Each structure stands twice: as C-alpha cells, then as structure tokens.
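Enquirer: The amino acid sequence is not available; the structure is as follows:
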C-alpha cells in the first residue's frame, strides 16, 4: 500500500511538470503524446510501460529522430513520470 500512496503523491506533486511536458510534446510532435510498449515484468507478467514521446516518427536512427525537447525530457527523466500510473494499476 505504501507504493500506491507514494505513486499517488508523486503524480499530484509532479502533475504540473507532467502537464507542461505533455503540452510541449503535443506542440512539437503532435499525437500520440505517450509512448506505450509491452514489457515483461516479475513472474513473466506482461504490462504496458508509459512514457512521454521523445522521438519524432519516421525513418532515421534513434539519435536522428530524438528531438531537442526529447533530449531535455530524457536528461531530466521527466519522460519517465507517466510510469507512476503503472503502480496505481
């Protein structure tokens, strides 16, 4: 239960930053704002990981597709904040 409480508090505290980052992603890269990927967790259970998008769609290497905003989001780990939702599930 402590995990749920901490994740909830984390989402509340970081929600202004998360909202601003999501608006920035939407303005620079359009939709979707979130990157969703299936991952295998403990006990072989699959779950969906949520992150803010940091790369533009299209051809090119990952480094070429990484946007300026994406670099900032990654360097500050703001792109990882949506993962707090997984704790609440």
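Expert: Nice, I can see it. It should be emphasised that the depicted structure is a prediction, and the values quoted were computed from it without experimental measurement. Numbers count the residues shown, from 1 in each chain.
Enquirer: any idea how far the most centrally placed residue in the chain is from residue 1?
Expert: Centroid check for the chain by C-alpha atoms, centre = their mean gives residue 51 as the closest residue, at 1.8 Å. Computed as C-beta to C-beta, to the nearest Å, the residue 51 to residue 1 distance reads 25 Å. (Glycine included, C-beta is placed from N, CA and C.)
Enquirer: if I pick residue 89, what's in contact with it?
Expert: With contact taken as C-beta atoms under 8 Å, 6 or more residues apart in numbering, residue 89 is in contact with residue 47.
Enquirer: what about it, distance to residue 80?
Expert: Counting by C-beta to C-beta, the separation of residue 89 from residue 80 is 16 Å.
Enquirer: what kind of secondary structure is residue 48 in?
Expert: Following DSSP: H, G, I helix; E, B strand; the rest coil, residue 48 is assigned to strand.
Enquirer: Could you report the neighbour count for it?
Expert: By the criterion of other C-beta atoms under 10 Å, residue 48 has 12 neighbours.
Enquirer: Go ahead and confirm it touches residue 37.
Expert: Yes. Look at residue 48 against residue 37 with C-beta atoms under 8 Å: they come within range, at 7.0 Å.
Enquirer: Spell out which residues are contacts of both of those two.
Expert: What both residue 48 and residue 37 touch, as defined by C-beta under 8 Å, 6+ apart, is an empty set.
Enquirer: Which helix in the protein has the most residues?
Expert: helix 2-29 (DSSP state H).
Enquirer: next one: that one to chain centre, how far?
Expert: With C-alpha atoms, centre = their mean, to the nearest Å as the basis, helix 2-29 stands 9 Å off its chain's centre.
Enquirer: Understood, closing this out.
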